[in-house]
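[1] Sequence first, then the predicted structure:
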Amino acid sequence: MTSDMTRQNRLTGTLDAVLHLLDRQVVDVHGRLVCKVDDLELVQTESGDLGVTALLSGPAALVPRLADGRLGRRLHDHWRRLGEPHLDHDDPYRIDLALVAHLGSGVELTVPREGVLVRQGQRGHRLNDLLQMTVQGPDGVPVGRVLDVRLEPRPQANGEVLWVTGLVIGRGRPGSYLGYDRRPDMGPWLVARIVRFLHRHSSYVALEHVQDLSWSGGVMRVDPGRMETLERA
């Protein structure tokens, strides 16, 4: 395996949760396939900060992501009914973020794959819960949905944690911006023009400007005056 010194490690700078982490292949320290990243574990502090503490994998993490729209919700309900006899049916496999050594085209771990996939119960929220939320202004009028989540590494005493710094909000689907909001010179030129045109009404809001975040209600409130318009086509 190529030395980390010669490759970009996205864990050392800002990154986007959907674009850079979801659906990435996870390999162990020997380069062997472990799983795929199906969701992320989010923990909220008393001050309101949100941190990514683990990678989640397996049907219990993937199927809820498909519950977008009528067909997706029916599939999710059917899957849950099939698994009702099993106590761990809704418990995804979890890999602590502290075990991640490198993030590039895939996720590389510091340990062998044997025993790394464990079920430890619900420890926090999920990225998908955030992506499924309705984003509203203070008056309750919908302003879009969360398309991606901007992350930044901040080392902690108990290990590395990726912290949410802001949200990309628009009217498309999560991840549909494909990273074209991050770099104005990103090509191909025609694809960049099309993506930016489709997302011409998308905005970015810092987490500190989110006024209310209701996990149970599935609603997030933001002040439109604090939303920064992303570059248009």
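    Perfect, thanks for sending it.
[2] mind giving me the domain ranges of this protein?
    4-124, 127-229 (automatic domain parsing).
[3] So which bits of stretch 132-144 are buried?
    Neighbour counts over stretch 132-144 (16 or more other Cβ atoms under 10 Å) mark Gln132, Met133, Thr134, Val135, Gln136, Val143, Gly144 as buried. For every residue, glycine as well, the C-beta is placed using N, CA and C.
[4] which outside residues touch that stretch?
    67-68, 145-146, 169-171, 201-203, 211, 213, 218-224, 227 (Cβ atoms under 8 Å, 6 or more residues apart in numbering).
[5] just the buried members of the residues you listed?
    Of these, these count as buried by 16+ other Cβ under 10 Å: 67-68, 145-146, 169-171, 202-203, 213, 220-222, 227.
[6] Would you mind giving the residues you listed as CSV with secondary structure added?
    Below are the buried ones among the contacts of stretch 132-144 laid out as CSV (DSSP: H, G, I helix; E, B strand; the rest coil):
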residue, secondary structure
Ala67, coil
Asp68, coil
Arg145, strand
Val146, strand
Ile169, strand
Gly170, strand
Arg171, coil
Ser202, coil
Ser203, strand
Leu213, strand
Met220, strand
Arg221, strand
Val222, strand
Met227, coil
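[7] just curious, which of those residues is nearest to Thr53?
    Within the buried ones among the contacts of stretch 132-144, proximity to Thr53 (Cβ to Cβ) peaks at Leu213, which comes in at 17.2 Å.
[8] Quick check: beta-bridge partners of the closest one?
    Bridge pairing for Leu213 (DSSP bridges) gives the partners Met220.
[9] just Val149 next, same as before
    Leu167.
[10] give me the number of residues near it?
    For Val149, the neighbour count with other Cβ atoms under 10 Å is 26.
[11] so what's it up against?
    Taking Cβ under 8 Å, 6+ apart as the test, what Val149 contacts is Asp16, Ala17, Val18, Leu127, Leu130, Leu131, Val164, Gly166, Leu167, Val168.
[12] For it, report the pLDDT, please.
    The model reports Val149 with a pLDDT of 94.
[13] same deal with the one 5 residues further on?
    According to the predicted model, the pLDDT of Arg154 comes to 82.
[14] Go ahead and list the helix or strand containing it.
    For Arg154, the host element (DSSP states H and E) is strand 142-156.
[15] Strands - which of the buried residues of stretch 132-144 land there?
    Thr134, Val135, Gln136, Val143, Gly144 (DSSP state E).
[16] Is there a neighbour count for Glu152? I'd like the number.
    Glu152: 13 neighbours (other Cβ under 10 Å).
[17] Ok, Ala54 next?
    For Ala54, using other Cβ under 10 Å, the count is 23.
[18] can you pull the contacts of the spatially closest residue to it that is not a sequence neighbour?
    Excluding the flanking residues, the one nearest Ala54 by Cβ to Cβ, 6 or more residues apart in numbering is Glu41, at 3.9 Å. Counting by Cβ under 8 Å, 6+ apart, Glu41 makes contact with Val52, Thr53, Ala54, Leu55, Leu56, Arg94, Arg123, Gly124, His125, Arg126, Leu127.
[19] Now with 6 Å, please.
    Residues counted as contacts of Glu41 (Cβ atoms under 6 Å, 6 or more residues apart in numbering) are Thr53, Ala54, Leu56, Gly124.
[20] hmm, back to that, need the least confident one among the domains of the chain, by mean pLDDT.
    domain 127-229 (a mean of 77).
[21] Please tell me how far the residue most central in space within the chain sits from Glu114.
    Computing the C-alpha centroid of the chain and ranking residues by Cα atoms, centre = their mean puts Ala17 first, at 3.7 Å. Ala17 sits 28 Å away from Glu114, going by Cβ to Cβ, to the nearest Å.
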